[in-house]
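S.K.: structure of the sequence below:
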Amino acid sequence: MADKAKAAEAGEKGEARPEWTGKLDFLLSCISYAVGLGNVWRFPYLCYKNGGGAFLVPYVIMLALAGMPLFYLELAFGQFSSLGPVSIWRISPMFKGVGYAMVVISVMVGIYYNVVIAYTLYYLFASFTATLPWLTCNNPWNTAACVQDRSVIAANATTSSGLLLNATANVTANLTGGKPVSASEEYWRNGVLQLSEGFNAPGYVVWYLCLCLLLAWLLVFFCLIKGVQSAGKVVYFTSTFPYIVLTILLIRCSIMDGAIDGVLFYVTPDFSRLADAEVWGDAGIQIFFSLSVAWGGLISMASYNKFSQNCYRDAIVVSITNCATSIYAGFVIFSILGFMANEMGVDVKDVADKGSGLAFVTYPEAVARLPISPLWSALFFFMLLSLGMGTQFAIIQTIVTSIIDEFPERLMSKRMLVTGLCCLVFFLLGLPCITQGGNYMVELMNDWAAGLSLMVIGLIEVIAIAWIYGTDAFFSDIEMMIGSRPNRWWWLCWKFLTPIVLFIILLFYLIGIKPAIYGGRLEFPESGQALGWLMTLTSLVVIPLPGIYYVCRAEGTFMERVRKVMKPLPEWGPALEENRELDERYSKKGIPLADYRDADNVPNTA
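M.R.: Modelled structure (predicted):
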C-alpha cells in the first residue's frame, strides 16, 4: 500500500522515490558502508599504539556517548523525511549548508577512495601468478637499496648513496633516508605507483592504473544502475564476504609460528596509557570515522526505508557490529604480523604499520611468506575490494540522492543518467591521482578532505536537531515511525553528552593537527600544505552560506528573520500523506508541496 500511495503522490513527477526491497537490504547496506578499509588498516594500529587492550575502555565509552547517538539520530532523521542530506534541512533552512558540506566531503572522498580501490584491483590482478612480483629484488623497478630480508632494515643498515643511480632510486632515498628498503615497498612505490620525486612533479598518467580506475568506476555504476534496488542486492556479498575471508585468515594464521606473539602485542593492556589525553582523543576520532557519521551516507540510505522500519534496532546492531569488526580484524592482522616478525627474526613493532602501508606494503610481504601465497594474496585483496566497494556505493548514492532530491520533477526518472554522469565526472577528476605524483594527492586528500569538517558538521547537526528543532519534537517524530519514544538516555545524549564529547574530540583534533607529511618522512611543500587547508575550508565555508542567504531574503528585524529561517518549513515531515495523517502537526497544514511559497512569496528551495 505504501508503494502505491507513493506512486500516486509522485504521479505528476514521473516516478516514485524507490525503497529498499527488504529490511535486510538496508541493514546490510549500513554494515557495508560503516565497515570499511579503516576497520582493517587503522583500528589495530591505534589499539597497539594506545595501550593495547586498555584502548578498548575509551573506545567503548566514545561509542556510547558519541558514535551510537549520532548514528541513531541520522538514521531516524533520514527515515522520517525520506530525503537526502541537502533537502532534509527543511527541518531548519538555516542549517541547509550542513547538507551541502556533507555532499562536498562525499565528492572529495569519492574521488580518491576509488583510486584506492584501483590500487586494490591492480594488486588483485597481480596476485594471479606463480610467484608474487613483490617477493624479489631482481625486477626492473628495484634499486640497489632493495633487500628481501626485513631484518636488515630493522638493524638500520645503510647503503652508500652512490649506489642510487637513477630517478627511481632518488625517490626511494628521499622517502627512506638512504636506508635499505623492502622488496614489497619498492614494488609499491616504483613498480605500481611509479612515484615521482615530489608533490610538485606530477609526471604522466600511469596507464595501467588508469584502466583499473576505469574498471572501478564501471563496477560502481553497474552496481548502482537501479539505485538502492540494485545496490541492496550487491551488499549481500560486500557485507558478508569480508567476514568469511577474515575468519579463514584467522584460522590459517593462528597456527603459524609467531602468531600468538602478534596477538599478545595487540591486546596486552597498558592501563597507564589511559592517563594520556591523546589516547581518548584517538578513541573519539576513530569512532567518529569508523561509523561514517556526518558524511550524509546514513541519512541517504535511511531515506529509502519504509516509514515504519525500526531504525533504533538498526542503529544498535550496526554500531556494535562495526566496532566488533574492528576488534576482530585486529586479531587477524596481528596474527599475520606476528608470523611475519617471527619469520624475519624481528620484533612485531618493526613490522606494524597502518593505512596504505599495511595494505600495500606490509601485508603483501607477509602473504609472500605463506604457503600458496598467491591464493592468500588474492583473498586478501578481494576482501579489501569488497570493503572499499561497500563504502563507495554509499558515498556515490549520497551524491546522486542529493542531486535528485533537489530537482525531483526533472531527475527522479533519470536516476541512471545522473549516476552515470557522476561516475564519468569522478573518473575524470580522479585522473590526477593516478599520475606518477598522484599518490601524494591521494594521501593529502585522505588526511585533509574529511577530518576537521566532519567534526564541525556532526556538532552542528546534533545541536540543530536537539536544541533548535527540539528533542521533544524529534522524539514525537520517532514515535510516529516505530511506535515508541526514545528513553531518557537518548535525550541526555543528544541534548548534552554528545555535543560536549564532540566538542572535546574537535579540540583534540585541532591540537593534534600537524603539517602534511607523506610516508612519515617527506613533508609536503607549501603548495601541498595550502591545498590541504583549501580542501578542509571548502566544506566548512559552505555551511553558513545558505543560512545567510535565507536571512537576507526574509522580512522583519534581524532576529525575526533568524528565528523564521530556523523554524521547519510547512512541507517538513513524512513524504507520504498517509504518514502525515498520523500526527496533527503535519496533517493540518494542508499545503500542497509543489505550490508552497514562503511568507515573502519566494519559491522554497530548502
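
S.K.: who touches stretch 463-483?
M.R.: With contacts defined as C-beta atoms under 8 Å, 6 or more residues apart in numbering, stretch 463-483 is touched by 73, 76-77, 79-80, 91-92, 94-95, 98, 307-312, 485-486, 491, 494-495, 499, 566, 568, 574, 579, 582-583, 585. Heads up, the C-betas are built off the backbone N, CA and C, glycines and all.

S.K.: in that stretch, what's buried?
M.R.: Going by neighbour count (16 or more other C-beta atoms under 10 Å), the buried part of stretch 463-483 is 463-466, 469, 471, 474-475, 477-478, 480-482.

S.K.: looking at these, which are in helices?
M.R.: Under the assignment DSSP state H, the buried residues of stretch 463-483 contribute 463, 471, 474-475, 477-478, 480-482 to helices.

S.K.: quick check: the farthest pair among these?
M.R.: Ile463 and Ile482 (23.9 Å; C-beta to C-beta).

S.K.: the residue nearest the centre of the chain in helix, strand or coil?
M.R.: Taking C-alpha atoms, centre = their mean as the criterion, Ser292 is the residue nearest the geometric centre of the chain, at 5.5 Å. Of the three states, Ser292 takes coil under DSSP: H, G, I helix; E, B strand; the rest coil.

S.K.: that one: what's it in contact with?
M.R.: Applying C-beta under 8 Å, 6+ apart to Ser292 gives the contacts 33-34, 36, 298, 391, 394.

S.K.: same check, this time on Leu250
M.R.: 328, 331-332, 335.

S.K.: quickly note the distance from it to Arg369.
M.R.: If you measure Leu250 against Arg369 using C-beta to C-beta, to the nearest Å, the figure is 17 Å.

S.K.: now do Glu461
M.R.: Counting by C-beta to C-beta, the gap from Glu461 to Arg369 is 47 Å.

S.K.: out of those two, which sits in the busier spot?
M.R.: Glu461 (26 against 16; other C-beta atoms under 10 Å).

S.K.: quick one, what contacts the more buried one?
M.R.: 70, 73-74, 95, 98, 294.

S.K.: taking the residues you listed together, which two end up most distant?
M.R.: Leu70 and Phe95, at 15.4 Å, using C-beta to C-beta across the contacts of Glu461.

S.K.: for the chain, which element, helix or strand, carries the lowest mean pLDDT?
M.R.: helix 2-9 (a mean of 41; mean pLDDT, DSSP states H and E).

S.K.: can you name the next helix or strand after that one?
M.R.: helix 23-34 (DSSP states H and E).

S.K.: got the contact list for that next one?
M.R.: Taking C-beta under 8 Å, 6+ apart as the rule, helix 23-34 contacts 20, 75, 228, 231-233, 235-236, 238-240, 290-292, 297-298, 301-302, 304-305, 309, 314, 317-319, 321-322, 390-391, 393-394.

S.K.: how far away from the center of its chain is it?
M.R.: Distance of helix 23-34 from the chain centroid (C-alpha atoms, centre = their mean, to the nearest Å) equals 14 Å.

S.K.: for it, C-alpha coordinates in PDB please.
M.R.: Output of helix 23-34 as PDB, limited to C-alpha atoms (Å, rounded to 0.1, in the frame of the first residue of the first chain):
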ATOM      1  CA  LYS A  23      14.700  -4.800   5.700                       C
ATOM      2  CA  LEU A  24      17.900  -6.800   5.400                       C
ATOM      3  CA  ASP A  25      18.900  -4.800   2.300                       C
ATOM      4  CA  PHE A  26      19.100  -1.700   4.400                       C
ATOM      5  CA  LEU A  27      20.800  -3.300   7.400                       C
ATOM      6  CA  LEU A  28      23.500  -4.900   5.300                       C
ATOM      7  CA  SER A  29      24.000  -1.700   3.300                       C
ATOM      8  CA  CYS A  30      24.600   0.200   6.600                       C
ATOM      9  CA  ILE A  31      27.100  -2.500   7.700                       C
ATOM     10  CA  SER A  32      28.800  -2.500   4.300                       C
ATOM     11  CA  TYR A  33      29.000   1.300   4.400                       C
ATOM     12  CA  ALA A  34      30.300   1.700   8.000                       C
END
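
S.K.: what's near enough to touch Phe307?
M.R.: With contacts defined as C-beta under 8 Å, 6+ apart, Phe307 is in contact with 2, 79-80, 82, 480-481, 574, 576, 579.

S.K.: that one should be in a helix, yeah?
M.R.: No. Phe307 is assigned coil when assessed by three-state DSSP, not a helix.

S.K.: phi, psi for it please.
M.R.: Phi and psi for Phe307, reported as degrees, to the nearest 10, are phi -60, psi -30.

S.K.: can you check the pLDDT for it?
M.R.: We have a pLDDT of 95 for Phe307.

S.K.: cool, Glu523 as well?
M.R.: With respect to pLDDT, Glu523 scores 88.

S.K.: partner residues bridging it?
M.R.: Per DSSP bridges, the residues bridged to Glu523 are Ile517.

S.K.: go ahead and confirm it touches Leu444.
M.R.: No. If you go by C-beta atoms under 8 Å, Glu523 and Leu444 don't touch, sitting 11.7 Å apart.

S.K.: now for those two: what residues contact both?
M.R.: Each of Ala516 lies in contact with both Glu523 and Leu444 under the rule C-beta under 8 Å, 6+ apart.

S.K.: of those two, which one has the most company?
M.R.: A count of neighbours by other C-beta under 10 Å puts Leu444 above the other of Glu523 and Leu444, at 21 against 13.

S.K.: report the contact partners of that one.
M.R.: Neighbouring residues of Leu444 by C-beta under 8 Å, 6+ apart: 199, 516, 518, 524, 528, 531-532, 535.

S.K.: farthest pair within these?
M.R.: Greatest spatial distance among the contacts of Leu444 (C-beta to C-beta): Tyr518 and Met535, at 15.5 Å.

S.K.: look up how far Tyr469 lies from the spatially closest residue to Cys223 that is not a sequence neighbour.
M.R.: In space, and not counting its chain neighbours, Cys223 is closest to Val234: 4.6 Å by C-beta to C-beta, 6 or more residues apart in numbering. Val234 sits 35 Å away from Tyr469, going by C-beta to C-beta.

S.K.: still on that earlier bit, filter the contacts of stretch 463-483 to the buried ones?
M.R.: Burial by neighbour count, judged by 16+ other C-beta under 10 Å, picks out 73, 76-77, 79-80, 91-92, 94-95, 98, 307, 309-312, 486, 491, 494-495, 499, 566, 568, 574, 579, 582 from the contacts of stretch 463-483.

S.K.: one step back: from the contacts of Glu461, pick the one nearest Val116.
M.R.: Nearest member of the contacts of Glu461 to Val116, counting by C-beta to C-beta, is Ala294, at 20.6 Å.

S.K.: so that closest one makes contact with Ile457?
M.R.: Yes. With contact defined as C-beta under 8 Å, Ala294 reaches Ile457; the gap is 4.4 Å.
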